[in-house]
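> Sequence and predicted structure below; questions after.
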Amino acid sequence: MTAIDTMREVLNHPDQLIEKWKVDGKKIVAHRCTYVPEEMILAAGMIPYPTFGTPEAITKADSYFQSCVCEYIRNIFDQALDNKYSFADALVVANTCDTVRKLHDHWNTYIEGSQCYIINNPQMLQNSNNRDFYLQELQRFKKWLEDISGNEVTNEALQKAIHLYNENRSLLRELYSLRKSDPPLISGTEALEISMASTLMTKEEANKLLRQLIDEVKARNDGGVEGPRILLTGGIIDNPDLVRMVEECGAAVVADDLCTSARTFWYDVKDNGNPLEAIYNYNNDRVVCACMHPFEARYDYLYDMAKEYQVDGVIYFNMMHCHPFLFECPLYKDKLQAADIPTITLETGHDLSGIGQLRTRVQAFVEMLG
Amino acid sequence: MVMTTTAPARRGLQTSQEVFNTLLTFSADIQKAKDEGKPVIWSSILIPPELLHAVGAPVVSVEVLSALISISQLSGTYCQITEEQGFSRDVCAFQRCYMGCILADQNDSFSQGVLVPPDMVVASNFCCMSSSKSFLFTVDRYKCPYFFLDTPLRAWQDSIPREAIDYYVIQLKNLIHFLEEHGYKYEEDRLRHEIDVARRTLVVREEIERYATATPAPIAGIDGFLSPLLVSQLVNSDTGLALLEQQRDELKERVENGIGVIDNEQFRLFWFGLPALYNMELLQYPEQYGGVIVRSVVEWLVGMAIPPEKMDPDKPLESLAVKALSSALNPPTTSILDFAVDVVRDYKVDGVVGAVKRSCGLIPGAVRLVKDAVFEKLGVPTVVFDLDYADQRDFDEAAVKANLEPFFETIMESKRRG
């Protein structure tokens, strides 16, 4: 079995991983957001586990959140109401948008058996004024992790976790760099599958597979996709079928700036001997999410990525009712187009019910770039 | 059963007319200040107005601008203009209203008469993501400088940690520096005065609350929403305080004489959310059935649902930090639940109206929690339905009344059974 087949197997059947961790007596902490420091969860002796939406219809959650609330959050809460997160000992989210805050409140009111913790991170980043506040919030999070795990989060454990995660980030970046060639050596669909699978696995296992995978990909002549080079951006896009649809329209997705991909590994935590401060610096330095400020910094990051991967166009995939990205995309679209980078914005949900319409619009966009 | 459907005589408050008149002169005053050379600040109602008042700045609150647009029946026009620029119809209608007004570019009579373009913007993520993001459009459009005030969540179980207060205070100092850089002079004594007036305003607010709980309700519906508190946050706190004292005296007299808004009050409602600003008459609809909306959420929407003692003139910046960080509107929802339960109990509420604005990130995520908390603790029911507060295109009067009428019947039947 090739490395990518193994990773696909993980992505399609994460329950097998969960079962094994439970047999081993591990505590599992579900999480969502690149601003949740997974290293701290690992250093507490627990398994960080990312939450993903499913294509199944939302049913129970619609009586808790109105249908105008972020589709992703309703999706996750629907799964929780159906006990699909009953394996998790806790859920950790970061201070990002209104609905994540409400997920925290609903989880702690209606979901039995696990609690939700919200990290009260600042939203104005790249700013030293927030240092003392943010560090104290990280200390509070550390204490909470110690309480639920029963383990002390030592500096040594945290440094070890940082090094492990940095290695994972570095390998994913190396893999992504293989998309810079023309044609790219891996497709966008594969890249998202690998990135998502990697976040599900323990980093030791993921890193081993990524090394093998990089060797396999380097031996290729191409990644099986060609056409205009596309950068995908938007919120939490966690269904590789969307990327597949774009590539089926005759494009090559060569870069993706998503909560499930590059945002989690584009930068390293710079260990300076004080691991908590290193995590603070890491989160404070990168403005990769539409919830964060300053606005200009996230645009620069996106523009640099577009230039580095020599993209012909940008597709902005917005999750339905995701306000931060819905506010951001018209402004970024104007700026990108002013920089001669054609951009299209599309809205989608997990059930992909409107994928036919999306396909038509993507086809037109790709033809226009062609 | 037979329900009364003829509206009884209604006794509105005299003070409300004065509040309304003050609001009407608001834009003219801003324009006058601009003509006198004062830089105009666009801001949000939850960014400490005391500080902006203390430097004498004319402030346009984008929420109030949008409310005026909606009341003027222009929300459909302006929201559509915004959507034509690529903004989704899913994003907050309040933001779409004012953004459309900007895009109208003073080519129509409303934007010519009311819109005073900003010279700078002071923005914040308090209280929602829409506030946190939409101002960027304004900044981009007018190419003006901006300051962003980052407000931490009130995620602590007990008292506010020192470092959170310090973080907010540092930012306020930077905001002062920003204002000074752009032509304003800051004097701490003026801020102390504003804090003192804010404290006295909160004291009067508490007195009003005590009168407002009386049966029959001395204040209801539109009077409750059109609160002088709004004015105190907008124009200047002295004017707001004077109006609030006038309202208190009016209520005192009514309570002492047993005068209610309507005769033969049958049931009492708490309206959780905002009204449909383009159809304020809806607030009086329950009165046809003998019901009164005895309480709104205007206090926490303008950030004034806090104890007066938290405003300390000797610690002006720290007081503003405490005000923001302890505001019931600042997530998480726990404090809103406490607030809702207290209101239902203290005002002897028979039913809660949970009007959910479709394009909002706050209310739709809180209403189920409120519904369950109020029912579990006090056995009081809630009706939940969609009602965009600002975008008139989404208003379906028949559907709204079809939700409300059976709810009123249920309440009445329940009261009859005791």
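Yep, it's here.
> does chain A sit close to the strand or helix carrying B:Val374?
B:Val374 belongs to helix B:367-378 when assigned by DSSP states H and E. Yes: using C-beta under 8 Å from any C-beta of the partner chain, helix B:367-378 comes into contact with chain A via B:367-369, B:372. (Glycine included, C-beta is placed from N, CA and C.)
> what's the closest of these to chain A?
Minimum distance to chain A across the residues of helix B:367-378 next to chain A is 4.8 Å, recorded for B:Arg368 (C-beta to the nearest C-beta).
> How about the closest one, nearest residue that isn't a chain neighbour?
A:Tyr64 (4.8 Å; C-beta to C-beta, 6 or more residues apart in numbering or on different chains).
> from memory that neighbour sits against A:Ile73, does it?
No: A:Tyr64 is beyond contact range of A:Ile73, at 10.1 Å (criterion: C-beta atoms under 8 Å).
> Tell me which helix or strand in chain B has the weakest average pLDDT.
The helix or strand of chain B with the lowest confidence, counting by mean pLDDT, DSSP states H and E, is helix B:228-234 at a mean of 71.
> Tell me where the stretch 51-200 of chain B has strands.
Counting by DSSP state E, counting those that start in this stretch, one finds strands in the stretch 51-200 of chain B at the ranges B:59-61, B:120-124, B:146-149.
> Can you lay out those as JSON lines showing mean neighbour count and distance to chain A?
Shown next, in JSON lines, are the strands of the stretch 51-200 of chain B (neighbours: other C-beta atoms under 10 Å in any protein chain shown; distance: least, C-beta to the nearest C-beta, whole Å):
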{"stretch": "strand B:59-61", "mean neighbour count": "24", "distance to chain A": "19"}
{"stretch": "strand B:120-124", "mean neighbour count": "23", "distance to chain A": "9"}
{"stretch": "strand B:146-149", "mean neighbour count": "21", "distance to chain A": "5"}
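> now those as a markdown table including mean pLDDT?
Below are those laid out as a markdown table (pLDDT from 0 to 100):
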| stretch | mean pLDDT |
| --- | --- |
| strand B:59-61 | 92 |
| strand B:120-124 | 98 |
| strand B:146-149 | 98 |
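> Confirm A:Arg169 sits in a strand?
No: the assignment for A:Arg169, made by DSSP: H, G, I helix; E, B strand; the rest coil, is helix rather than a strand.
> show me the contacts for it.
Contacts for A:Arg169 (C-beta atoms under 8 Å, 6 or more residues apart in numbering or on different chains) come out as A:264-268.
> quick one: which of the residues of helix B:367-378 next to chain A is most hemmed in?
When neighbours are counted by other C-beta atoms under 10 Å in any protein chain shown, B:Val367 leads these with 24 neighbours.
> Give the full set of residues in contact with that residue.
A:66, B:272-273, B:354, B:356, B:382, B:384.
> now do 6 Å
Counting by C-beta atoms under 6 Å, 6 or more residues apart in numbering or on different chains, B:Val367 touches B:354, B:356, B:384.
> confidence score at the most centrally placed residue in chain B?
In chain B, the C-alpha nearest the mean C-alpha coordinate belongs to B:Leu301, at 3.7 Å (C-alpha atoms, centre = their mean). B:Leu301 is assigned a pLDDT of 77 by the prediction.
> Check whether the residue lying closest to it once chain neighbours are set aside sits in a helix, strand or coil.
Nearest residue to B:Leu301 in three dimensions, chain neighbours excluded: B:Leu329, at 6.7 Å (C-beta to C-beta, 6+ apart). Under three-state DSSP, the three-state class of B:Leu329 is coil.
> A:Tyr165 now?
Following three-state DSSP, A:Tyr165 is assigned to helix.
> Provide a list of residues in contact with it.
Contacts of A:Tyr165 by C-beta under 6 Å, 6+ apart are A:Glu39.
> distance of it from A:Gly273?
Using C-beta to C-beta, to the nearest Å, A:Tyr165 is found at 17 Å from A:Gly273.
> quick one, helices of chain A?
Secondary structure of chain A (DSSP state H): helices at A:3-12, A:14-23, A:38-43, A:71-81, A:98-110, A:131-149, A:155-177, A:188-200, A:203-218, A:240-248, A:275-285, A:295-308, A:323-338, A:355-369.
> Hmm, I typed the wrong one, I wanted the stretch 301-418 of chain B.
B:316-325, B:334-346, B:367-378, B:397-417 (DSSP state H, counting those that start in this stretch).
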